[in-house]
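A.B. asks: predicted model follows, preceded by the sequence.
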Amino acid sequence: RRARDSAARALPATTTDGHRIEIGANINLADQAPFALSLGAEGVGLMRTEFLFLERAESPTEEDQFQAYRAMAAAMGARPLVIRALDIGGDKQVSYLDLPREENPFLGVRGARLLLRRPELLVPQLRALYRAAREGARISVMFPMITSEAELIALRETAERIRAELKAPAIPLGIMIEVPAAALMADRLAVHADFFSIGTNDLTQYALAIDRQNPVLAPEADSLHPAVLALIAATVRGARAKGRWVGVCGGIAGDPFGAALLAGLGVDELSMTPRDIPAVKARLRGAAIADLRALAERALALPDAASVRALGADPALGGG
Ligand code: PEP
Ligand code: MG
């Protein structure tokens with residue numbers, strides 16, 4: 001039974017009609033890689049680099065970061081590895097960075113907004129990433145909390161300057177889509193981004209105006225809300241127009257029904273916590289992409305997340 005399980009886990013998430021969805025793991029440390037691979041991960045779709053900065057007294061050095069990125073790349077071998085630039089602010093606070101207190105930190109200087117204001121954070125991180133790339137690490141980098149084209153252009157310029165200084169190879173530079181404005185302007189952003197990864201945790205928070213940490217409203221903060229699905233559909237349309245790939249690395253990617261809907265919406269890659277991988281793969285392998293597209297169309301026309309969930313629970317529609 002174990003042998004059969006592990007053989008099944010190694011199979012790609014290819015639908016019954018031959019459409020393949022890439023499956024990545026959300027992991028932060030190289031020593032989590034063997035476990036993720038044993039569960040069927042085909043790469044890392046989200047390495048959150050905040051963990052390098054949290055629970056310590058001062059920022060990690062460029063060298064500390066270089067070692068961490070190189071170690072993860074070594075653990076993944078030829079598989080894709082997407083490393084996210086530092087995403088501090090909002091729910092993720094780091095005391096030694098002395099960030100100003102804000103009334104609404106989730107609407108404040110976080111993610112890319114902080115990186116653009118604090119070159120002493122951005123520059124060593126990009127140097128460490130490009131040094132890893134220069135050593136042959138197959139990495140992509142993505143920037144969190146992008147709202148505007150101008151932010152992305154500025155970050156790209158800094159990355160390119162550092163790449164040139166280090167004589168490092170070019171690497172794909174992508175962005176997180178987690179702000180509704182970015183989803184709606186995906187076609188413009190796709191001119192400057194090599195790929196998109198949708199952060200549905202934040203995208204849901206901002207689309208529904210529900211603090212992702214508010215326990216009272218948690219049941220309503222459902223990423224399967226049709227408004228969130230419409231933002232995902234807009235992101236896919238914008239990416240397609242420029243030939244970019246789109247992933248989802250928020251929590252809904254690890255929900256088998258959510259994964260099925262995301263595939264139906266045209267998402268190319270799903271990245272999730274490793275333990276969710278086997279069930280997501282099994283669900284996608286049991287479905288036809290044509291049916292998932294029809295399912296997604298129906299979901300987009302529904303009034304609320306509960307109705308979308310009900311669609312997922314209906315065995316006649318491949319749910320249950
Ligand atoms: C997200 O917002 O969905 C995401 C993946 O990023 P984080 O949860 O780290 O904010
Ligand atoms: Mg996020």
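C.D. replies: Structure received. Ligands and ions are numbered 1, 2, ... in the order given.

A.B. asks: hmm, the helix or strand harbouring Y206 in reach of ligand 2?
C.D. replies: Element membership for Y206, per DSSP states H and E: helix 200-208. Yes. Shown here: helix 200-208 in contact with ligand 2 (CB under 5 Å from the ion) through D202. Where C-beta positions appear, they are placed from N, C-alpha and C, glycine not excepted.

A.B. asks: packing partners of that helix?
C.D. replies: helix 180-184, helix 226-241 (3 or more CB pairs under 8 Å, 6 or more residues apart in numbering; DSSP states H and E).

A.B. asks: mind listing what the closest residue to A75 other than its chain neighbours touches?
C.D. replies: Spatial nearest neighbour of A75, chain neighbours left out: A33 (3.6 Å); criterion: CB to CB, 6 or more residues apart in numbering. Taking CB atoms under 8 Å, 6 or more residues apart in numbering, we find A33 in contact with A25, I27, V44, M72, A75, M76.

A.B. asks: try 7 Å
C.D. replies: Neighbouring residues of A33 by CB atoms under 7 Å, 6 or more residues apart in numbering: I27, M72, A75, M76.

A.B. asks: what of G108?
C.D. replies: Contacts of G108 by CB under 7 Å, 6+ apart are G89, E102.

A.B. asks: per-residue confidence for it?
C.D. replies: Note for G108: predicted pLDDT of 95.

A.B. asks: quick check: it vs A71, distance?
C.D. replies: Distance of G108 to A71, given as CB to CB, to the nearest Å: 33 Å.

A.B. asks: show me where the stretch 101-250 of the chain has its strands.
C.D. replies: Using DSSP state E, counting those that start in this stretch, the strands of the stretch 101-250 of the chain run over 139-143, 173-177, 195-198, 245-248.

A.B. asks: okay if I get the helices and strands packed on helix 200-208 as TSV plus mean pLDDT, mean neighbour count and distance to F143?
C.D. replies: TSV is the format used below for these (pLDDT from 0 to 100; neighbours: other CB atoms under 10 Å; distance: least, CB to CB, whole Å):
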stretch	mean pLDDT	mean neighbour count	distance to F143
helix 180-184	98	21	11
helix 226-241	98	21	15
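
A.B. asks: looking at these, which is closest to ligand 2?
C.D. replies: helix 180-184 (11.7 Å; CB to the ion).

A.B. asks: and that closest one, what does it pack onto?
C.D. replies: Judged by 3 or more CB pairs under 7 Å, 6 or more residues apart in numbering; DSSP states H and E, helix 180-184 is in contact with helix 200-208, helix 226-241.

A.B. asks: ok, and does that helix reach over to ligand 1?
C.D. replies: No. Applying CB under 6 Å from any ligand atom, one finds helix 180-184 out of contact with ligand 1, separated by at least 11.9 Å.

A.B. asks: in the biggest helix by length in the chain, what's buried?
C.D. replies: Using DSSP state H, we find that the single longest helix of the chain is helix 149-166. If you call a residue buried by 16 or more other CB atoms under 10 Å, then helix 149-166 has these buried ones: E151, L152, L155, R156, A159, I162, R163.

A.B. asks: hang on, the earlier thing: per-residue confidence for the residue nearest to A75?
C.D. replies: 98.

A.B. asks: can you tell me the element it falls in?
C.D. replies: helix 33-38.

A.B. asks: now for L262, how many residues are close by?
C.D. replies: Using other CB atoms under 10 Å, L262 has 32 neighbouring residues.

A.B. asks: and it, how far is that from ligand 1?
C.D. replies: 12 Å (CB to the nearest ligand atom, to the nearest Å).

A.B. asks: quick check, that residue in a helix?
C.D. replies: Yes. Judged by DSSP: H, G, I helix; E, B strand; the rest coil, L262 forms part of a helix.

A.B. asks: is stretch 48-61 positioned near ligand 1?
C.D. replies: Yes. Residues of stretch 48-61 contacting ligand 1 under CB under 6 Å from any ligand atom: R48.

A.B. asks: now check that stretch, is it near ligand 2?
C.D. replies: No. On the criterion CB under 5 Å from the ion, stretch 48-61 is out of touch with ligand 2, staying 9.0 Å away.

A.B. asks: for the stretch 201-320 of the chain, which residue gets nearest to ligand 2?
C.D. replies: Counting by CB to the ion, the stretch 201-320 of the chain gets nearest ligand 2 through D202, at 3.7 Å.

A.B. asks: surely that residue and E178 touch.
C.D. replies: Yes. In terms of CB atoms under 7 Å, D202 counts as a neighbour of E178; the distance is 3.7 Å.

A.B. asks: who's more crowded, those two?
C.D. replies: Neighbours of D202 and E178, each counted by other CB under 10 Å, are more numerous for E178; the result is 27 against 23.

A.B. asks: contacting residues for the more buried one?
C.D. replies: M145, G199, D202, L203.
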